[in-house]
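*Asks:* Need coordinates for the following:
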Amino acid sequence: MLLLSISSYAQLSIRQVLINGKTYPYKKDSAIAILATDESLVIELTPVSGDSVRYLYRIPTLNEKWFWSNYPSIHYQNLSGGSYILQIKAEKHSRTIASIDVPVIKNQAFWQRWWFWPSIVIYILLIFGVGFYLFFIYDLRQKLKIQHVRNQIASDLHDEVGSNLNSIAIFVELLRKKVMIEKPELLPILDKITDNSEETVLLMRDTVWAINPENDSIEKLFERMRSFGVEILSAKGIAFQFESLLELKKDAFSMEQRRNVYLIFKEAINNISKHSFATQASCKVAGYQGIIKISIIDNGRGFNNNETFEGNGLKNFKRRSQEDDLRVYINSGLQKGTEILIEITV
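*Replies:* Numbers count the residues shown, from 1 in each chain. From the prediction side, this is the model:
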């Protein structure tokens with residue numbers, strides 16, 4: 001017996017189309033139009049007469065596999081947006097006896113369109129860009145505000161406090177002339193006031209220098225350290241060498257770090273000048289793996305680390321070494337010189 005070709009199959013008849021449980025006004029040979037929000041599609045067929053009939057269906061662009069049912073009803077859930085051809089056929093004893101192709105068009109939701117995800121990516125990048133820009137502007141304004149405050153503090157310290165300290169020195173000198181004649185026993189007290197005033201002036205100058213934003217670069221810190229070491233030690237006949245092996249970017253140290261480093265260095269140089277009886281001294285700066293080491297060495301008489309001294313120098317070293325990002329180590333021995341090692345985490 002000659003089998004019929006697919007074009008000669010009888011055509012299945014669609015009895016009813018339901019979308020989301022509601023009847024759809026289907027017209028023969030027309031496409032079924034589904035909205036993007038519709039989830040359920042049910043096509044009910046007019047049953048084919050006879051026994052042992054089963055119904056097969058597929059959408060080739062979605063799945064090449066045929067699905068089958070003993071009932072003349074086709075079900076699809078949550079179809080993606082697009083145009084499809086729904087192929088339906090009836091079989092009896094594994095032989096196709098009727099078929100129909102039904103066009104189905106489902107509107108694409110906006111999130112299924114090609115431009116949706118690129119738009120999301122652009123939107124996210126835009127948000128990050130705006131956020132970064134706003135943070136940059138905020139950070140810049142904060143830095144400018146801090147810089148203005150630092151300039152104001154440095155100016156006030158230099159003008160107001162410096163002027164008052166100079167006035168104290170002048171008044172002390174006037175008082176000295178009178179006390180020298182009437183009460184010479186008060187002269188040591190005036191000398192102490194004068195010394196304290198001069199020390200305060202020097203400390204204020206160092207503080208003003210550290211606060212001033214113009215001195216934020218690490219090169220200026222090292223240049224000031226070099227100048228101070230040469231000035232103090234050359235007056236005592238002590239040869240001084242300063243060597244830096246670093247190539248640091250600007251702002252490698254914070255303001256507090258610069259101030260602590262300079263004050264420790266200054267204290268170490270003053271100790272060498274006053275107490276070491278050295279002939280040579282050096283300062284070497286090196287760094288690796290985020291740690292900068294500043295080593296101040298002299299060839300003087302040294303001292304016993306276990307001894308207790310009345311001065312404030314060693315106490316200041318110990319106090320500043322308690323900072324989280326700064327450590328100070330003292331290595332000395334009798335007639336072996338002294339090394340002050342400063343380690344800074346950057």
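
*Asks:* Show me where the stretch 1-150 of the chain has its helices.
*Replies:* Ranges of helices in the stretch 1-150 of the chain, per DSSP state H, counting those that start in this stretch, are 116-156.

*Asks:* Can you get me a residue count around Cys287?
*Replies:* No Cys there; residue 287 is Gly. Gly287 is flanked by 18 other residues according to other Cβ atoms under 10 Å. From N, CA and C alone the C-beta is placed, and that goes for glycine too.

*Asks:* Tell me the helix or strand right after the worst-scoring helix or strand of the chain on mean pLDDT.
*Replies:* The weakest-scoring helix or strand in the chain, judged by mean pLDDT, DSSP states H and E, is helix 313-320 (a mean of 67). With elements assigned by DSSP states H and E, the helix or strand that comes after helix 313-320 is strand 326-332.

*Asks:* which secondary structure elements does that following strand contact?
*Replies:* On a contact count with 3 or more Cβ pairs under 8 Å, 6 or more residues apart in numbering; DSSP states H and E, strand 326-332 meets helix 255-271, helix 313-320, strand 338-345.

*Asks:* Lowest mean pLDDT across the ones you listed, which one is that?
*Replies:* When the helices and strands packed on strand 326-332 are compared by mean pLDDT, helix 313-320 comes last with a mean of 67.

*Asks:* I'd assumed Gly237 was in a helix, is it?
*Replies:* No: counting by DSSP: H, G, I helix; E, B strand; the rest coil, Gly237 is not found in a helix; it is coil.

*Asks:* per-residue pLDDT, it?
*Replies:* So Gly237 comes in at 92 (pLDDT).

*Asks:* Spatially nearest residue to it, not counting backbone neighbours?
*Replies:* Spatial nearest neighbour of Gly237, excluding adjacent residues (Cβ to Cβ, 6 or more residues apart in numbering): Thr279 at 7.6 Å.

*Asks:* on that earlier part again, please name whichever of the helices and strands packed on strand 326-332 is nearest to Val130.
*Replies:* helix 255-271 (31.3 Å; Cβ to Cβ).

*Asks:* Tally up the residues packed near the closest residue to Gly81 other than its chain neighbours, please.
*Replies:* Among residues not flanking Gly81 along the chain, Gln108 sits closest, at 2.9 Å (Cβ to Cβ, 6+ apart). Neighbour count for Gln108, taken as other Cβ under 10 Å: 13.

*Asks:* Show the contacting residues for Gln108.
*Replies:* By Cβ atoms under 8 Å, 6 or more residues apart in numbering, the contact list for Gln108 reads Ala36, Ser80, Gly81, Gly82.

*Asks:* If you rank those residues by neighbours, which is first?
*Replies:* Neighbour-wise, these (other Cβ under 10 Å) top out at Gly81, 16 neighbours.

*Asks:* residues touching that one, list them.
*Replies:* Ala36, Lys106, Asn107, Gln108, Ala109, Gln112, Arg113.

*Asks:* tell me the two of those residues that are most distant?
*Replies:* Lys106 and Arg113 (12.9 Å).

*Asks:* where's His275 relative to Asn260, distance?
*Replies:* Distance of His275 to Asn260, given as Cβ to Cβ, to the nearest Å: 22 Å.

*Asks:* from what I can see Gln87 touches Thr96, true?
*Replies:* No: assessed by Cβ atoms under 8 Å, Gln87 is found out of contact with Thr96, at 10.9 Å.

*Asks:* Identify the residues contacting Val179.
*Replies:* Leu186, Leu187, Leu190.

*Asks:* Give me the subset of the residues you listed lying in helices.
*Replies:* Mapping these onto helices (DSSP state H) picks out Leu187, Leu190.

*Asks:* Report whether Val285 is found in a strand, as I expect.
*Replies:* Yes: counting by three-state DSSP, one finds Val285 located in a strand.

*Asks:* Distance check, the closest residue to it other than its chain neighbours against Leu221.
*Replies:* Distances taken as Cβ to Cβ, 6+ apart place Ser244 nearest to Val285, at 4.2 Å, with adjacent residues excluded. Applying Cβ to Cβ, the value for Ser244 to Leu221 is 10 Å.

*Asks:* So for those two, which residue has more residues nearby?
*Replies:* In terms of neighbours (other Cβ under 10 Å), Leu221 is the more surrounded of Ser244 and Leu221; the figures are 23 against 18.

*Asks:* host element of the more buried one?
*Replies:* helix 218-234.

*Asks:* Over that helix, what's the mean pLDDT, rounded is fine.
*Replies:* pLDDT averaged over helix 218-234 gives 89.

*Asks:* Go ahead and name everything in contact with that helix.
*Replies:* 209, 214-215, 239-240, 242, 244, 246, 248-253, 258, 261-262, 265-266, 269-270, 272-273, 281, 283, 285.

*Asks:* Please repeat the previous calculation with a cut-off of 6 Å.
*Replies:* Contacts with helix 218-234, where a contact means Cβ atoms under 6 Å, 6 or more residues apart in numbering, come from Phe240, Phe242, Ser244, Leu248, Ala252, Phe253, Arg258, Phe265, Ile269, Ser273, Ala281.

*Asks:* And for stretch 325-339?
*Replies:* Contacts of stretch 325-339 (Cβ under 6 Å, 6+ apart): 260, 297-303, 305, 317, 320-321, 340-345.

*Asks:* If any of these are buried, give me the PyMOL selection for them.
*Replies:* Of the contacts of stretch 325-339, the buried ones can be selected in PyMOL as follows, counting by 16 or more other Cβ atoms under 10 Å:
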select buried, resi 260+297+298+299+300+301+302+303+317+320+321+340+342+343+344
